[in-house]
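Colleague: any chance you can model this:
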Amino acid sequence: DILVDGQLCDCDVVVNCQVGDPVPLQVKLTNWSKHSVGPFALTVMPYQDYQNGVHNYDLQDAITFVGSNTFYIDSVKPTKDTVYFGALLFLYTGDFYLNIKFHEDNCSRELPLSWLCLPSVHIRATEPVV
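Modeller: Prediction:
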């Protein structure tokens with residue numbers, strides 16, 4: 001589950017926020033399997049989509065994280081969940097997206113790291129109403 005500013009997000013929802021206001025972000029990972037899973041790293045990467053196949057991830061002047069954009073999860077027991085809490089601060093107006101990925105954080109494996117990518121979250125940052 002992904003909540004942005006308290007709103008449950010899916011691929012059809014655009015979350016509106018104001019420039020300069022911290023926007024709470026919550027990502028919950030639930031383990032529905034019969035075995036514990038982990039360790040994982042959750043990474044949130046904001047980007048802009050130029051609608052021509054180009055994604056701009058170089059947004060350090062437009063978005064900042066309150067806290068870290070990476071969260072480490074040791075393990076999640078069966079039928080339990082873990083939640084990442086963070087916040088984003090948008091410095092400019094525009095349409096932004098969040099690329100949210102979970103990946104195995106186990107260095108002892110010889111296989112490539114496996115990734116689980118959630119659908120992108122669409123956030124529209126607008127001017128504050130005065």
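Colleague: SS state for G20?
Modeller: coil (DSSP: H, G, I helix; E, B strand; the rest coil).
Colleague: wait, what's in contact with the closest residue in space to it that isn't next to it in sequence?
Modeller: Once flanking residues are discounted, G20 sits nearest to P128: 6.1 Å by CB to CB, 6 or more residues apart in numbering. All C-beta spots, glycine's among them, are computed from the backbone N, C-alpha and C. By CB atoms under 8 Å, 6 or more residues apart in numbering, the contact list for P128 reads Q18, V19, G20, D21.
Colleague: farthest pair in those?
Modeller: V19 and D21 (7.4 Å; CB to CB).
Colleague: overlap in contacts of those two?
Modeller: F90, P128.
Colleague: mind listing the strands for this protein?
Modeller: Here the chain has its strands, by DSSP state E, at 2-4, 7-8, 14-18, 22-30, 40-49, 55-56, 63-66, 70-73, 81-90, 94-104, 115-117, 121-126.
Colleague: by mean pLDDT, show me the worst of these.
Modeller: Mean pLDDT is lowest for strand 115-117 among these, at a mean of 62.
Colleague: export stretch 52-60 as PDB, just CAs?
Modeller: Extracted C-alpha coordinates of stretch 52-60, given in PDB (Å, rounded to 0.1, in the frame of the first residue of the first chain):
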ATOM      1  CA  ASN A  52       8.800  11.100 -25.100                       C
ATOM      2  CA  GLY A  53      10.400   8.100 -23.400                       C
ATOM      3  CA  VAL A  54      12.800  10.200 -21.300                       C
ATOM      4  CA  HIS A  55      12.600  10.100 -17.500                       C
ATOM      5  CA  ASN A  56      14.600  12.800 -15.700                       C
ATOM      6  CA  TYR A  57      15.900  11.600 -12.400                       C
ATOM      7  CA  ASP A  58      18.200  14.600 -11.800                       C
ATOM      8  CA  LEU A  59      15.800  16.500  -9.500                       C
ATOM      9  CA  GLN A  60      17.900  17.500  -6.600                       C
END
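Colleague: show residues contacting that stretch.
Modeller: Under CB under 8 Å, 6+ apart, the answer for stretch 52-60 is M45, P46, Y47, Q48, D49, Y50, F96, Y97.
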